[in-house]
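Undergrad: mind folding the following:
(one chain, ligands or ions: 1)
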Amino acid sequence: MRIYQCDSCNKVISDPYTVKMKEFRIGIEIGIPLASKKKIKIHLCDDCYKGLHLIGELVPKNPKKEERENNG
Ligand SMILES: [Zn+2]
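TA: Purely as a prediction, here's the structure:
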């Protein structure tokens, strides 16, 4: 069985949650600053995965503007 490590708390986990994240890299190459985006996968343990979603729920989503009827 493969052993994974939680990328958040470094706990050793055998059945991780895989979360896709965007990794931002900024480097300098030949004097030209480069910024690159790369999608990476991170592994999270149960606790951190739940924590992530908990945070996600606290972040206000873009509220859909409901069309209101003109009722005065
Ligand atoms: Zn964790």
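Undergrad: residues of the protein that sit close to the ion?
TA: Cys6, Ser8, Cys9, Lys11, Cys45, Cys48 (CB under 5 Å from the ion). Backbone N, C-alpha and C define where each C-beta goes, glycine included.
Undergrad: buried ones in stretch 14-25?
TA: By 16 or more other CB atoms under 10 Å, the buried positions in stretch 14-25 come out as Pro16, Tyr17.
Undergrad: would you list every one of the helices in this protein?
TA: All helices of the chain, identified by DSSP state H, fall at 46-58.
Undergrad: how about Gly31, phi and psi?
TA: Backbone torsions for Gly31, taken as degrees, to the nearest 10, come to phi 80, psi 0.
Undergrad: dump the residues of the chain next to the ion into a markdown table; add distance to Leu54 and pLDDT as well.
TA: Output for these, formatted as a markdown table (distance: CB to CB, whole Å; pLDDT from 0 to 100):
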| residue | distance to Leu54 | pLDDT |
| --- | --- | --- |
| Cys6 | 16 | 92 |
| Ser8 | 13 | 87 |
| Cys9 | 15 | 93 |
| Lys11 | 17 | 93 |
| Cys45 | 14 | 92 |
| Cys48 | 10 | 89 |
